[in-house]
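Undergrad: Okay, sequence plus prediction incoming.
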Amino acid sequence: MELKTKITAEDGRQDLTITREFDLPVELVYKAYVEPEIVAQWMGTKVLKLENKKHGGFEFETYGPNGQVAFRANGAIHDIVPNKSITRTFEMENTPFPIQLEYLSFEALTPETSKLSIHIVYKSAADRERLLQLPFAQGLNMAHNRLQDIVQKLK
Amino acid sequence: MNLRRDVFQAIADPTRRAILLLVASQAMSAGAIAANFDTARPTISKHLQILTECELVGQTQQGREVYYHINATSMKQVADFIEPFRKMWDDRFNKLESIMKAYQTKNDA
């Protein structure tokens, strides 16, 4: 079966592209990005601010199991065209990761299906690699970082 | 077989990570590895067996002793985090899709 979500990340580059085809009209996918209550639901984060306009911005805050702030992110919205595109920056606060630039493109495939492409540009190719090495799904602890340092040396 | 998943399961255990750190610098016998831990020797043997099965470490026979060394090729798979990254986005977008389908149904009604 073809994957619905794809990542294109060529070796040695400082960018990557995430593409996803939705069984939804393009207007609804766009809405999921601009309505704070909906963003909160699928991103699993609290939306403190979401100004969908040129020179607007956003602030997200995620809580850990004990109610402590686990993660904060923010960015500036540079350009936004309803049902077509969002150009924004994305910063993960209190992390060593530099701010990234994101180009989101919304495209209708049929009246009932659509495609979203997110082109992310990192500060450097090395920053992209470091970000990809975050243990997204495995929940590994920080001891893993030392292991990764060794892996880097093996390369 | 989903080798990648096995590799991640293997490194999820702190003792196994510690073993990998040890053998990353030099090949070591099971006895020499076990000497670094308070854990019972059979437990260390079990960990070595799992690491060997996942091909994170390799074995070489030197005289009577079996030496364990790190397998750089498999360790690079650990460094390949594209799939977890993709999976994270896939889960997120699946959620978006189901929320908006519910939204669509509610607003059509």
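TA: Here it is on my side, so go on.
Undergrad: elements contacting the longest helix belonging to chain B?
TA: In chain B, taking DSSP state H as the definition, the longest helix is helix B:82-108. Secondary-structure packing of helix B:82-108 (3 or more CB pairs under 8 Å, 6 or more residues apart in numbering or on different chains; DSSP states H and E): strand A:5-8, strand A:15-22, helix A:26-34, helix A:36-43. Any C-beta I mention is one placed from the backbone N, CA and C, and that applies to glycine too.
Undergrad: So what angle separates the directions of it and strand A:15-22?
TA: Interaxial angle, helix B:82-108 versus strand A:15-22 (axes from the mean of the first three to the mean of the last three CA atoms, to 10 degrees): 40 degrees.
Undergrad: mind checking how far helix B:82-108 is from the chain centre?
TA: 28 Å (CA atoms, centre = their mean, to the nearest Å).
Undergrad: list the buried ones in it?
TA: Under the neighbour-count criterion of 16 or more other CB atoms under 10 Å in any protein chain shown, helix B:82-108 has B:83-86, B:89-90, B:92-93, B:96-97, B:99-100, B:103-104 buried.
Undergrad: Switch the residues you listed over to CSV; also include distance to A:E93 and pLDDT.
TA: What follows is the buried residues of helix B:82-108, written out as CSV (distance: CB to CB, whole Å; pLDDT from 0 to 100):
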residue, distance to A:E93, pLDDT
B:E83, 27, 74
B:P84, 22, 75
B:F85, 20, 81
B:R86, 25, 83
B:W89, 21, 89
B:D90, 25, 89
B:R92, 20, 91
B:F93, 24, 95
B:L96, 23, 96
B:E97, 28, 96
B:I99, 26, 96
B:M100, 28, 96
B:Y103, 30, 93
B:Q104, 34, 89
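Undergrad: As TSV, these with distance to B:Y68 would be great.
TA: Shown next, in TSV, are the buried residues of helix B:82-108 (distance: CB to CB, whole Å):
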residue	distance to B:Y68
B:E83	27
B:P84	27
B:F85	31
B:R86	32
B:W89	37
B:D90	36
B:R92	39
B:F93	42
B:L96	45
B:E97	46
B:I99	49
B:M100	51
B:Y103	55
B:Q104	56
